[in-house]
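# Only the shape, not the letters, is given here:
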C-alpha cells in the first residue's frame, strides 16, 4: 500500500507510492540543452554586462576585464532594486512596500560550455567563496532581511542562459518558505530544547538508508518526506545557523560533496533540470542598541530539487506532494551512481 | 518602481513588476493540444473504465452504459486507496500513515473534443452538481478529512488526457495549503470578528479595478497579491464555508461565471495551460458525541491558476512570487475579453 509521510519540519504530508519509478521512466525530453553561440556572460565581454560588484580573479587583472574565475554583477533587469527606502504602507485592507533589495548574477566560470560538476574542485571552491562573500556583504544593508542564493539548470527549472550561473536575491522581508522553516525550528526547539536539523542529521546517520554521501563535515541525504522525487539536502553535521560562518576547510568539503551530487544526478538522468538553493538564517536586524539575530535555532543547508515532473492542480491546491520514487530508493540510485 | 505586496490571507509576499507583460508575450508554445484517437473516457467504452460511482444520465439508461452526461469512477491507479484503516504510527523521529482516501475521475462530457467553456450551461451545471454530490458522499467517510476537486488543462498544468475531466482527491489529513488558509482565516476572525474572505469581497467590490465579472451570487477577481499572473478567484458573495450547501440557483450562476472565465482565458491566450481547484471547509469530524465542524470562519471559493511561466529556484526556495502582469492589468485584459 502507498504510504503517507509527514515532513517533520513543515508539517506537510507527502504520498510515497509503493511501486517505485526508476530514473529512466521520468520523461525529460523537453529539456535538451540549447547552447547559445552569443553569450555576454563569457570571458571577453565584460563591458557588455553591468559593472562587477565582486570577483575572484588572476592577480594583476583589473575589474571588468578578462582574468576572472568567478564574477558577480547586478541584474540589468532586477526584480529587487538597490536604491530607495522600504516605503511600507497600507492600501485599503492590504499592505505593500517598495521592491527594495538586490538581484545579482554570479557567473560560475568564464567558460560557456562547462557545468559546475565538471569545473574542478578549485573552481567550485571559488564559487562557494563568492557565495559567502556576497552574503557577508549584502547582510550589512539594514534594509535587507534575507539573502537567497539559488541556481536554475535546464529549461523546466527556469534556466534562461546555458552559461553556468547562480543568482543572488536579497529581499526586504523574510521569504515565506524560510519563515516557515524558522518558525517550525523554533517551535521544535522550544519543545525539545534541541535543533530539529541536528536531530534529523543524527536520525539519518542512525538509519542510513537515505544517506547518499558523508564527508568529514557534511552529509547528503534524501529527506524522509521530500516534495520532489530525488530531492536531496546537503547539511553540515555541526550545528550552525549561518552559512556565512563556513570555514575554509568546510568550503572545500562542501565543494566536493556538491560536485559529487550533481555528477550523480547527471549520471542517472539525461540532462536533469534541477534547482538548488541555500537556506541560511536571516540577516541580523538592529534592535535598539544591539544586534538581534533571528534563527539561532536554525541550521543552514542546501536543497537540491530535480524538476522531474510537472505540478498539477492537486499539488497547487493542496500542498500535498506525490513521490513516485521513495526517498530510500532515490538515495540508493544516487549512492550507487 | 516595482512593488511588493503582501497576501492578506497567507502572509506571503509577491513582487509586481512595473512594466506590465501583455498576454501575447508569454511563451506557451509547448502547450499545443494533442488529441488522442483512442480514449476510454469517451461514451461507448464504459466497460473499459472502473465501474462508475455516480453519474447524471438520460432517464432509463443503466450505469456503465452510454446515455450519461457526466460520470465519476475511481482511478485505476489511485494515490489514495479506499480500503484499510489509517494506521498512524511513528518511525524513529518521523510520522507516517496509510494512504487511505479516494481518488476519482469525473468525466465532464461524453464528447472527447469539447472544452468546459463550450459545453453549454446545462452541461456545466451537471458538472458542478456532480462535484457537490461527490463531496456530500465522500465526507460521510469518517476516515477522510478533506475532499479536493481540481482540474488540469494543458501539458504544463499536468494534463494527462485531452478528454475533459476533473479529479477528486479525498485525503485522511487536511492538506497544508488548506490548513494554512483555515488557520489564517481563524486568526483574522479572532482579531477582527469578521470573515477575511467577506472583507476581501467587499474591498474588491469597493475598489473595482481587480473585478472581472460580477453575477447575482458571485464575483470573479484577480487577487491583490496573486501567486500567478492572470490568477483569478470565483467566490460567493454570501458567507458560506461549505461548497456542499450551494443551492440550485447558485449552481447555475456559478456555471455561468466559470464558463465565462474559461472563455476569457482562452480568448486572450492561445491554449493556456491552467488548473482550477475548489477550496471548501474540511469534512466534519466526530468528536465525542457531537459533530464538530472545522472552518466555520472559512468561505469557500474556486481558484483558477493559468500556468504561464515555469517556477525557478527563486520561487521554490523562497515562496516569493513574481507577477510580470499586475492583477489590475490582468483583470482589465480579462474584463475586456
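Cool, got the structure. Just so it is clear, the model here is predicted, and its values are computed rather than measured. Numbering: from 1, shown residues only, chains lettered A, B, ... in the order given.

# per-residue confidence for residue A:245?
Turning to residue A:245, the model gives it a pLDDT of 93.

# Need phi/psi at it.
Dihedral pair for residue A:245: phi -90, psi 10, per degrees, to the nearest 10.

# what's the answer for residue A:261, then?
Residue torsions, per degrees, to the nearest 10, at residue A:261 are phi -60, psi -40.

# wait, what's in contact with it?
A:212, A:213, A:220, A:232, A:234, A:304, A:334 (Cβ atoms under 8 Å, 6 or more residues apart in numbering or on different chains). Heads up, the C-betas are built off the backbone N, CA and C, glycines and all.

# how about the first one, what does it touch?
Read it as residue A:212. A:220, A:221, A:222, A:232, A:261, A:264, A:331, A:334, A:335 are the contacts of residue A:212 under Cβ under 8 Å, 6+ apart.

# hmm, 7 Å instead?
A:220, A:221, A:222, A:232, A:331, A:334, A:335 (Cβ atoms under 7 Å, 6 or more residues apart in numbering or on different chains).

# so where does it fall, helix or strand?
strand A:211-214 (DSSP states H and E).

# Can you name the element that comes right after that strand?
Defined by DSSP H and E, the subsequent element after strand A:211-214 is strand A:218-221.

# So residue A:109 sits against residue A:166, correct?
No: counting by Cβ atoms under 7 Å, residue A:109 stays clear of residue A:166, with 10.9 Å between them.

# What segments of the stretch 1-150 of chain A are helices?
A:121-138 (DSSP state H, counting those that start in this stretch).

# Next to chain B, which bits of it? Give me the list.
A:1-6, A:8, A:11-13, A:15, A:17, A:30, A:79, A:81, A:84, A:92-99, A:148, A:150 (Cβ under 7 Å from any Cβ of the partner chain).

# Low-confidence ranges, chain A, go.
A:30-35, A:285-296 (pLDDT under 70).

# where do the strands sit along the stretch 1-150 of chain A?
Read by DSSP state E, counting those that start in this stretch, the stretch 1-150 of chain A holds these strands, from start to end of the chain: A:3-6, A:13-16, A:54-57, A:68-74, A:89-91, A:94-98, A:102-107, A:146-153.

# List, one by one, the residues from the stretch 201-337 of chain A near chain B.
A:203, A:207, A:224, A:275-277, A:305, A:310-314, A:316-320, A:322.

# tell me the contacts of residue A:147?
So residue A:147 contacts A:135, A:138, A:139, A:168, A:170, A:283 (Cβ under 7 Å, 6+ apart).

# so residue A:49 touches residue A:72, yeah?
No: between residue A:49 and residue A:72 there is no contact under Cβ under 7 Å: 10.3 Å.

# So which of those two has more stuff around it?
residue A:72 (23 against 17; other Cβ atoms under 10 Å in any protein chain shown).

# quick one: the more buried one and residue A:50 touch, right?
No: using Cβ under 7 Å, residue A:72 is not in contact with residue A:50; the gap is 10.1 Å.

# closest to chain B among the contacts of residue A:261?
Comparing those against chain B with Cβ to the nearest Cβ places residue A:304 closest, at 9.8 Å.

# ok but that closest one is inside a strand, no?
Yes: according to DSSP: H, G, I helix; E, B strand; the rest coil, residue A:304 belongs to a strand.

# residues in contact with it?
Neighbour list for residue A:304: A:231, A:232, A:261, A:274, A:276 [criterion: Cβ under 7 Å, 6+ apart].

# which residues does residue A:57 bridge with?
residue A:68 (DSSP bridges).

# Same question for residue A:81.
Applying DSSP bridges, one finds that residue A:81 bridges with residue A:100.

# Reformat the strands of the stretch 1-150 of chain A as TSV; add distance to residue B:123.
Converted to TSV, these look like this (distance: least, Cβ to Cβ, whole Å):
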stretch	distance to residue B:123
strand A:3-6	35
strand A:13-16	32
strand A:54-57	61
strand A:68-74	53
strand A:89-91	41
strand A:94-98	38
strand A:102-107	48
strand A:146-153	42
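
# highest average neighbour count across those?
strand A:146-153 (a mean of 25; mean count of other Cβ atoms under 10 Å in any protein chain shown).
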